[in-house]
Structure formats: structure tokens, C-alpha cells
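Chemist: My questions concern the predicted model and sequence given below.
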Amino acid sequence: MSGGGSGGEVQKGGKGEKVAEWAGRRRGVRSPLRAGLRRAFPDHWSFVLGEICLYSFFIVIVTGVYLALYFHPSMNEIEYNGSYAPLKGRIVSEAFDSTMHISFDVRGGLLIRQAHHWAALVFLATMLIHMMRVFFTGAFRKPREFTWLLGFLLLVLGMFEGLTGYDLPGDLLSGTGIAVINGVILSIPVVGTYLSMFLFGGEFPGTDLVARFNTIHVLLIPAFMVGLLVVHLLLVLYHRQAQYPGAGRSNKNVVGLPFKVRAVKSAGVFFLVAGVIVVIAAVAQINPIWLYGPYRADQVSAGSQPDWYMGVMDGLLRVMPGWEVGFWGHPLALDNLIPLAAGAGLFVAMGAYPFIESWVTGDDREQNLLDRPRNRPVRTALGVAWLSLYLVALVGAANDIIAIRFHVSVESVTWAVRVGLVIVPFLAYSVTKRWALGLQRRDRDKVLHGRETGIIKRLPHGEFIEVREPLSQEQLHVLTQHEQYKPIGSSAAGGAGDPGAGPRLAQRLRARLSRSLYGEGAQIPKPTAQEYKEITGNHRR
């Protein structure tokens, strides 16, 4: 018997597993690893957005390393003698010449270069959509505020990473973008001229810009992004992903897929993302610098637009009137300074909102269940208003192209964008809030009276009614599980000389914001258990 038992033990764990067991115990990682493998991971299609961000960023890094082997970041001028005949004999920068070499002479170079550009666009697009999903579902609440902040910083760094990479080739389009950047920098009071001279190594365009942007693009920003991404993923694993409400789901558990199944699905997503990006790079041309030609400081590329993620800044610059005022004997270029402040404020508001909402609600509990956007009408309306402002500014960035395509004047498009920047966000806010409140009323009606079946029944006394079907317990749970906050009250106002005037002013502001978010007209009261019992009891009778 003992011999049989010993043999069974050998079959259960071979030498390889014993070595792994020994090494794992000495390093102290085996138990946490086993615990992680036993975890459940929530499964929903919207969680794929974060994976697309991660995998497109990986493709950006891999293709970027390949391109860095051939790119020469120098603004020294040479004569072009490459394979593209129309530019032969032209004086170009070494950066432009090396980019042309990658595009026409390096095997697969153009495919990798375009895959790098498309992957960057996909990364930033899915990053923004992913953050909007987190915003609308309230996934930023405790304990995930810091995770939200890291994601926000990744988005901002990704935008600057794309900007610095966009300006590296030394073509006429990127040179036009650099000239815009220089104008914005110069508009910064006091330090603007010094920043411009430091960035360009002297008067614009200088001789050091490409080398400095290359260092920032290849080394500094990617290092910061990788560090932030690692911390972000560790926090996601530590706190776990918040899950959508449903049967058997609460703040204290996670219902989802085991690690092995989730890993296989995630691997499939990676190959799909990589395949789609490569196919797009193979069939859709992007940034053909040979059509733009090399950069010259006395020329501006017609019809030039930045990549979409910087379109909001370019759009605000284009529609801003040419205002300039004097201040203490110094000119202030408001036509650049105001769009810069407005664009920065737009993103700061996005990053700070979770902390504002946490302060207003005062809710210090951990929230592991996601909100349905309709159950937070004001938050949802604010998010849609933010997006509408972004989109209107993006339209402004293409005012010249729109004017040409639709045969209207540029001034008409510019004025339409100016008006839209004021009206559209308020309109989007109002429509979204009313829509969310209407959906809440519909949910309340379904809970109290059941689901409409479409079956019309005639009663004995001749009245026609529609037959309604009671909801299942699972459906009732989804429609009623959310918590509705009550607006907080404000304390008594303090006088000007009152030492507590500052805190009381903050308390009044908090109370006002609370009424705006959760007061009358901001949410539809969900049915109580008593209302449900009374109405369903009447239906049975």
C-alpha cells in the first residue's frame, strides 16, 4: 500500500513541478501567483477597449524600435539622391532623407512606418473611448481614483508622444505644425520667448528641434508611459475590475471568467488588433511626406490638419479672433493664449471630475459595481457635453477643408464653429439629461407595471388593455440595485470677518453642487419595496 501511495505521488508532481515548487517558496511568489490564477475576471465587451489600448501601445513600441534603427534625427541639409525621382536633387534635412529611405528603400519600411502611425491613432482613440466608458459607468470611484488619474496621465502623455513623433520627419506638413506650436509657446507671458529659444536651440526653426524631439519621443515619454502603464495594470489587478450589476453580483464579490479562459480570449484580442492594424497600414496610406516635400520656413502646407487628438487645440486656434492687448507695456497674444488655456482647462476638468464628485457625495465606501449611465443623468450629460465641445473644436480644425468641399466661405464655417462652441455643449447637456431621465421613468414603469408584451386584451365590459408581463427577479435587481444619493444641506453663511467664512463658503458650494447632481429634477425616485408590493398586489386582485 505504501509503495502504491508513493508511486501515485510521483505521478502527481514530477521533477519539474518540484523544482518550481521549491523556487516559488524561496521567492515568496507561488502563493500570490496561485491566488491570482484562482481569481475571477468580469467579462463584458466594453472591457476589450482597455486591451486594445494595451496591445496597440505594444505595437507602437515594437514598430518604433524598428524605425529608430534607420531614422537619423538631424536637421543638417543634404541633397536628396534616393529612389523617389521627383525629389532628386532637392535640398532636404537628414531627418527627411532618412524617412524617405525608410519608406522607399528599406524592405517593409513603409508598412512598418504606416503601422506605427495607425497604431498610435488606434491607441489614443481607444484610450479616450475607454476613459469615457470608465467615466459614464462610474468606474473611477473609490478605490480607483488613482487608477483613473494614471489613465488620464497616459492619455495626455500619449497625445504629446504623438505630437513629437508627428513632427520628426522634417516635411512641410510637420513643419507647419511646428510653426503653430512655436506661436502658442511665444504667447505664454514672461517665459514664452525663453521656452521657444530653449526648444529650438535659437530662433525658429533652429537646428536642434528634431534631435530634441527625437529624444523626447523615443526615450523620455515612452519611459514615463511604460512606468505609468505598469502601475496602472498593477492597481487594476489589486483592486480588480468593477463589474456591471446583475444576478449574484455585489460590492463584495466578482462574477466572471477564470484566469485561463480570460487569458486565451485576451491573446485572441491581441492577434486581432495586430492583424487589423497591419491590414489598415497595408491598404490605407497615411502621412505621405513625399507628396508634401521638405520643410521650408517660408512656406506653409495648404489644407494641413494635425492628427485628430490635437484637433481640439488646432480648432480653437483657428476660430479664435485675432485679439491682442497690452499689459504693463508688453503685448498679450490672446488669440493663442486663450485657446491654450481653454484646451488645458478642458482636459483638467476631465481629470479632476472624479475627485469633485467624491467630495460632493462624501461617499467613502468602496464601489465595485458599475453605474448604468441613465442612473446618473447629470454626470452622463456632463460627459456628453464635454465630448460635444471636443467634436465641435475638431470641426474647426478642418474649417478650410469643409469650406472647399461644401463650397462655402471659410468665414462662414469659422462663425458656425464659434457659435457651436457656445450652444452645442448646452444643447447636448440638456438633451442627454432629459433622455436619461426618460429612461429612468421607463425603468420605474417596468418595475411597477411589468414589461409590455404587445398583446391587446379586451375585458368583459369592453375596455381594451395591454397585457403586461412581470419582470423576473434578475431584471428587477438590475433596475433597482443602484443607490440614489440625497443632496446635502448647506450650513449657515459666515460673515466677511468670520474666521469660518472660508470653510462655510466651501460647504455652500458643495451643497449647491450636490443639489445640481442629485436634487429635484436631477433623478427620478426609484420604486420602493412598499410601492412595488401595493401595485403588484392591486394587479393580482
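Modeler: Cool, got the structure.
Chemist: Do you have the strands of the chain handy? List them.
Modeler: Assigned by DSSP state E, the chain shows strands spanning 40-41, 77-79, 91-93, 257-258, 325-327, 330-332, 451-458, 464-469.
Chemist: Tell me how far Ile181 lies from Ile289.
Modeler: 18 Å (Cβ to Cβ, to the nearest Å). The C-beta positions use only the backbone N, C-alpha and C, and glycine is treated the same way.
Chemist: same deal with Glu520?
Modeler: Taking Cβ to Cβ, one finds Glu520 at 58 Å from Ile289.
Chemist: For these two, work out which one has more neighbours and name it.
Modeler: Taking other Cβ atoms under 10 Å, Glu520 and Ile289 do not tie; Ile289 has more neighbours (21 against 7).
Chemist: Nearest spatial neighbour of the more buried one, chain-adjacent residues omitted?
Modeler: Closest residue to Ile289 apart from its sequence neighbours, by Cβ to Cβ, 6 or more residues apart in numbering: Asp171 at 3.9 Å.
Chemist: Got phi/psi on Ser472?
Modeler: Note on Ser472: backbone dihedrals following degrees, to the nearest 10 are phi -70, psi 170.
Chemist: List the residues that contact the closest residue to Gly343 other than its chain neighbours.
Modeler: Of all residues not flanking Gly343 in the chain, Met313 sits nearest, at 4.7 Å (Cβ to Cβ, 6+ apart). Met313 is in contact with Val184, Pro306, Pro339, Leu340, Gly343, Ala393, counting by Cβ atoms under 8 Å, 6 or more residues apart in numbering.
Chemist: how about a cut-off of 10 Å?
Modeler: Applying Cβ atoms under 10 Å, 6 or more residues apart in numbering to Met313 gives the contacts 159, 163, 180-181, 184, 306, 339-340, 342-344, 346, 393, 397.
Chemist: Just the closest of these to Ile280, please.
Modeler: The closest of these to Ile280 turns out to be Pro306 (Cβ to Cβ; 19.4 Å).
Chemist: Poorly predicted segments of the stretch 101-250 of the chain, please.
Modeler: Counting by pLDDT under 70, the stretch 101-250 of the chain has no low-confidence residues at all.
Chemist: Recalculate using a threshold of 80.
Modeler: Along the stretch 101-250 of the chain, the model assigns pLDDT under 80 to residues 202, 205-206, 247-248.
Chemist: Would you map the helices across it?
Modeler: Applying DSSP state H, counting those that start in this stretch to the stretch 101-250 of the chain gives helices spanning 109-137, 145-166, 172-186, 192-200, 209-215, 221-239.
Chemist: can I assume Val190 is in contact with His330?
Modeler: Yes - in this structure, Val190 is within contact of His330 by Cβ atoms under 10 Å, at 8.4 Å.
Chemist: hang on, the earlier thing: pipe the helices of the stretch 101-250 of the chain into JSON lines and attach distance to Ala381 per row.
Modeler: Output for the helices of the stretch 101-250 of the chain, formatted as JSON lines (distance: least, Cβ to Cβ, whole Å):
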{"stretch": "helix 109-137", "distance to Ala381": "11"}
{"stretch": "helix 145-166", "distance to Ala381": "19"}
{"stretch": "helix 172-186", "distance to Ala381": "31"}
{"stretch": "helix 192-200", "distance to Ala381": "37"}
{"stretch": "helix 209-215", "distance to Ala381": "39"}
{"stretch": "helix 221-239", "distance to Ala381": "28"}
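Chemist: now those helices in JSON lines, with mean neighbour count and distance to Tyr66?
Modeler: Output for the helices of the stretch 101-250 of the chain, formatted as JSON lines (neighbours: other Cβ atoms under 10 Å; distance: least, Cβ to Cβ, whole Å):
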{"stretch": "helix 109-137", "mean neighbour count": "21", "distance to Tyr66": "5"}
{"stretch": "helix 145-166", "mean neighbour count": "20", "distance to Tyr66": "14"}
{"stretch": "helix 172-186", "mean neighbour count": "20", "distance to Tyr66": "20"}
{"stretch": "helix 192-200", "mean neighbour count": "16", "distance to Tyr66": "27"}
{"stretch": "helix 209-215", "mean neighbour count": "20", "distance to Tyr66": "15"}
{"stretch": "helix 221-239", "mean neighbour count": "15", "distance to Tyr66": "14"}
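Chemist: how about the ones you listed, which one is nearest Ala403?
Modeler: Closest to Ala403 of those, according to Cβ to Cβ: helix 172-186, at 18.0 Å.
Chemist: ok and the closest one relative to helix 145-166, angle-wise?
Modeler: Between helix 172-186 and helix 145-166, the angle comes out at 120 degrees (axes from the mean of the first three to the mean of the last three Cα atoms, to 10 degrees).
Chemist: Isn't Ile188 up against His330?
Modeler: No - in this structure, Ile188 is not within contact of His330 by Cβ under 10 Å, at 11.9 Å.
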